[in-house]
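Asker: Below: sequence and its predicted model.
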Amino acid sequence: MFRAAPMVRVTLWFLASESQDAALLLARHGEFAPVSPDEGGDESTHHEYPTEYPTHHPVMSYREAFLEAESRLRKLQELVKEPDPVVPDDAMAPALTGLQGTNERLKHVWLAFSETVETLTKISEEQRNLRALQESFARLHGLNLDLSQLFHPDSLLNVRIGSVPVGNLPRLKEAMALGGYVLAEFDRSGEQVFAVIVGPRGSDVAGLLSQSGWRDMNIPDALRTRPEEARRYLDERSATLASQWQQAQVLLAAQHQRYGERIREAAMQLVLARPLAEAAHTGVGQRGQLVRLTGWMPKSGLNALQTALATRFHGRFLSEVRAPQADERAKVPSLLRYPRWLQPFAPLVRSYGLPRYGEFDPTLPFAAGYLLLFGAMFGDVGQGAVILLMALLLGHRLGRMCWVGVAAGAASMGFGVAYGSVFGHEDVIAPLWLSPMHAPTHLLTVAIGLGAVFLVLTFVVNIHNRLAQGQRAAALGAAGGLAGLVFYLGALGWIASLAGWVDWAFPASVLSATGLCFVALHVGMESRSPWGERLLVTAIETLETGINLFANTLSFMRVAAFSLNHVALSLAVFALAQGLGPTTQLLTEVLGNIVVIVLEGGIVAIQAMRLMYYEGFSRFFSGDGVAFKPLVLSGRACLFRQD
């Protein structure tokens, strides 16, 4: 739960004639993630086997035939709806010749559909144009004029119909009046005013209209007639297109009935062929009559895969298995498995990044820390219960994230009991721990202590991650390593002594100075600059270490600050409700609590996330891991799956 599943690199050799069956078996197994044979320096590629393969070998021809057939199938599936194919357990993947035959059959089926498709496309385009005409007619209908007479070429009037920004309308109307023109508004849409401008022919007003933002309206010839004739034309054209569309749909249904079995058969063949086609893109190579598939898989599934291969191929395969090498750990995919109750928190961690293989997986600490911080900053029994109930009611929309809302509401209720707060009232139940309003100093002290413990844990995790990556020097001497931890613990002891809590001033000072010296030594040794610049960089980065740790610790004061802010908002609601009648007072308190839940609840949720990301993850979490995406066989297609 705290790290990715142990992985092994597997290289499998099969007869080329059985390569599609081998890829299908791996997809059914569901735990083999193909990878390029050259990644990671697979030792099997250094001697007797080539590291590069020609792009025209049969496996690549298989992939090309698959992609072409899949493209045609997708076009057909956009026209006709078919259920997902159910793949029998004993179904066999098609060979290259069978896949090419499927592609040819899909080509003939598509040609049979193509004329109907062209008809539907043409009708759809004409319907779009008709809708544009109907929209224009709806605007021009307010004029109630015969546009054929209005735009007659022998007319003595200069007529412009168009739109202008509403803010420019008054000035344009005044300017048109000075030139002997009349401007009449007939419609509005948002910030645009549709108007008609009429004046004597021969006057040039194009420049004035351009400066005012005027846009001429395109009026098709079909609308340049009397309104009743234009409406009749639009209605008749709409009915004609609807009838043509219906006839095309009937023809499409007949073709579907005729070719449906071929489409379903092709869909099944492509589901079975996809594993090899997908693997060919990354982890397949060929030499003579042998095909190689290379990939990563969890060590726990290796025996089951070996058994399945032996049962299916009866010894007609070779396998090589090895553990990840030190120089390729950054490329090894991370397979992370969680219990169901923890899975909703995984996307919140993934939004920051994915742990590298071997790194500490912070999902469980994140879930615990996030709920602790949210509850501490938004502790209220009543408001927490509202959040919990709303998460349950909206569960069908929130999906798995519903559990995060339920857990956050429960955490808020728990801290509400500790604070003695029910919908902001602190006189309903006695606080189990303390009241933020009556003990703010104590709360601030606890918040800083919580931050110190949190930062110590990030040091420990960072040291573990550096050791897992083979970075021993950074694990021991870096600011985020053991030296930084020693400095931080010494600084905490010195501050505690200064506050009079303990008497550890001298040993704490020595410990802190020792840690800081090792940090400075590490920075100096890592730098490759000239000595003068190296000393300056060392001094600056060492000073920055102390400042950042101090700022990171004080950042947790916001936990206490938001707890006090919650009390302040509740008091503000009570102050507004005081002196009102019973009904009005109750309504005010209800509305006030809704505002507190929505406004402060959202802010607290973001602040808790910020503390986990920037005060936690940024100190130890690289977030650039590789997702584990094995071949799997399911329904419509074999896809890359991410656990």
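Answerer: Ah, there it is. Just so it is clear, the structure is predicted and the values come from calculations on it, not from any experiment.

Asker: Walk me through the domains of the chain.
Answerer: The record's domain parsing of the chain by automatic domain parsing lists 152-218, 344-435+562-614, 438-556.

Asker: Throw those into CSV and include mean pLDDT and distance to residue 632, thanks.
Answerer: Any C-beta I mention is one placed from the backbone N, CA and C, and that applies to glycine too. Converted to CSV, the domains of the chain look like this (pLDDT from 0 to 100; distance: least, CB to CB, whole Å):
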stretch, mean pLDDT, distance to residue 632
domain 152-218, 81, 49
domain 344-435+562-614, 93, 19
domain 438-556, 92, 29
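
Asker: So what touches the helix or strand containing residue 370?
Answerer: Residue 370 is part of helix 363-377 when elements are defined by DSSP states H and E. Residues from elsewhere that reach helix 363-377, judged by CB atoms under 8 Å, 6 or more residues apart in numbering: 1-2, 336, 338, 342, 345-346, 348-349, 384, 407-408, 411-412, 414-415, 447, 450, 454, 457, 558-559, 562-563, 566, 604-605, 607-609, 611-612, 616.

Asker: how about 6 Å then?
Answerer: Helix 363-377 has contacts (CB atoms under 6 Å, 6 or more residues apart in numbering) with 1, 345-346, 349, 407-408, 411-412, 414-415, 559, 562-563, 604, 608, 611-612.

Asker: buried stuff in whichever helix or strand comes after it?
Answerer: Per DSSP H and E, helix 363-377 leads on to helix 381-393 as the next helix or strand towards the C-terminus. Neighbour counts over helix 381-393 (16 or more other CB atoms under 10 Å) mark 381, 382, 383, 384, 385, 386, 387, 388, 390, 391 as buried.

Asker: Show the buried residues in the contacts of helix 363-377.
Answerer: Using 16+ other CB under 10 Å as the threshold, 345-346, 349, 407-408, 411-412, 414-415, 559, 562-563, 604, 608, 611-612 are the buried ones among the contacts of helix 363-377.

Asker: can you map out the strands along the protein?
Answerer: Applying DSSP state E to the chain gives strands spanning 7-15, 33-34, 157-165, 182-189, 192-200, 215-216, 284-287, 290-298, 317-322, 333-334, 626-627, 631-634, 637-640.

Asker: Would you mark the buried spots in the helix holding residue 370?
Answerer: Of the residues in helix 363-377, 363, 365-367, 369-377 count as buried by neighbour count, 16+ other CB under 10 Å.

Asker: nearest to residue 74, of these?
Answerer: Set against residue 74, the nearest of these by CB to CB is residue 363 (36.2 Å).

Asker: so what's the closest one closest to, chain neighbours aside?
Answerer: residue 349 (4.9 Å; CB to CB, 6 or more residues apart in numbering).

Asker: One more: residue 576?
Answerer: Nearest to residue 576 is residue 588, by CB to CB, 6+ apart, at 5.6 Å.

Asker: Next one: the closest residue in space to residue 480 that isn't next to it in sequence from residue 484, what distance?
Answerer: Using CB to CB, 6+ apart and skipping the chain neighbours, the partner closest in space to residue 480 is residue 462 (4.6 Å). Applying CB to CB, to the nearest Å, the value for residue 462 to residue 484 is 9 Å.

Asker: same deal with residue 291?
Answerer: For residue 291 relative to residue 484 (CB to CB), the value is 51 Å.

Asker: what do you get for residue 619?
Answerer: Taking CB to CB, one finds residue 619 at 10 Å from residue 484.

Asker: Comparing these two, which shows the higher neighbour count?
Answerer: Shown here are residue 619 and residue 484; by other CB atoms under 10 Å, residue 484 has more neighbours (26 against 20).

Asker: Excluding chain neighbours, what is closest to residue 109?
Answerer: Residue 109 sits nearest to residue 259 (CB to CB, 6+ apart), 4.9 Å away.

Asker: can you give me the mean pLDDT across the helix ranked longest in the chain?
Answerer: Looking across the chain with DSSP state H, the single longest helix is helix 227-280. Mean per-residue pLDDT for helix 227-280: 90.
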